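Trainee: Need a 3D model of the sequence below.
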Amino acid sequence: MSLLQYNSYEQYVDHFISINDVRYLRNWKLSREFIQNACSKSCMGRLLSRQEYIDQRNNEEGIIKPLGISAVMLFGSSYKGNDRVLQQFAAREQLLLNKKVSTIIFLITRSSKGLEISGFIDLEQCFRESRFRNSEHYVDWPAIFEGKAKLTPHKHHLSYFEWNTSKVRLNDSDNFKVVQEGAHSLLMMHRGDHKMICVNPGCFCSFAKNATRSMHNSSIYGHCIFFDHVIRRSI
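Mentor: Reported below is the predicted structural model:
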């Protein structure tokens, strides 16, 4: 787990809080205090102290700082094509890496076996992890923008659905927790500001207001839906 995904120690602690914790304690501040007390030794992996968090995060920043996250290093900075979905990827990349927005995309495509699959993908995590070739979930973004490869849903993404078997897999990502609750088939809670996002394109509930939805058509990707959440900073 990279600490660079968290903008503060509080956001890091929130990573260890479950929906059930919040339901039971009904207060994020109390939930944080509970997790810090209960998990300082062992609980889903030892929780770092504030100073340990600062030191380890500074070390990680030092490792990638020579590369930087500048326009020169952006995978999509040189993309000049006219594919609408690739244009949207390129337009969001720097905003995502600088934690201005957090975006979920929904794709329907075919697997290597020719079977129809779909899934929700944490776009920021996908970009960030691909900056390291030894990453477990490395994606060859340069090849994607050159048209030599294609971004497809995988079983480690937020959701992965196999249409021929009707099997679905759900996973939390670095930026979102998957929530199945009430009348909503699927909600995503942003880990940073705890806003719930409804990813049902046909739903107009209160949670739908927490993300801007847009659909873009592409000869490569067909219809791709973007859910853009502007991250609210805690005061």
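Trainee: The closest residue to Ser185 other than its chain neighbours: neighbour count?
Mentor: Nearest non-adjacent residue to Ser185, counting by C-beta to C-beta, 6 or more residues apart in numbering: Asn200, 6.1 Å away. No exception for glycine: its C-beta is placed from N, CA and C like everyone else's. When neighbours are defined as other C-beta atoms under 10 Å, Asn200 has 15 of them.
Trainee: Then Asn164?
Mentor: 11.
Trainee: any idea of the pLDDT on Val168?
Mentor: On pLDDT, Val168 comes in at 92.
Trainee: center of the protein - which residue?
Mentor: Nearest to the mean C-alpha position of the chain, counting by C-alpha atoms, centre = their mean, stands Asp122 at 2.9 Å.
Trainee: By mean pLDDT, point me to the weakest helix or strand of this structure.
Mentor: In the chain, no helix or strand scores lower on mean pLDDT, DSSP states H and E than helix 19-25, which sits at a mean of 49.
Trainee: Would you map the strands across this protein?
Mentor: 101-110, 116-122, 159-162, 167-170, 176-181, 184-190, 196-198, 212-218, 222-230 (DSSP state E).
Trainee: pretty sure Glu116 is touching Ile108, no?
Mentor: Yes. If you go by C-beta atoms under 8 Å, Glu116 and Ile108 touch, sitting 6.9 Å apart.
Trainee: Show me the helices in the protein, by range?
Mentor: Using DSSP state H, the helices of the chain run over 9-14, 19-25, 28-38, 50-64, 84-97, 123-129, 141-145.
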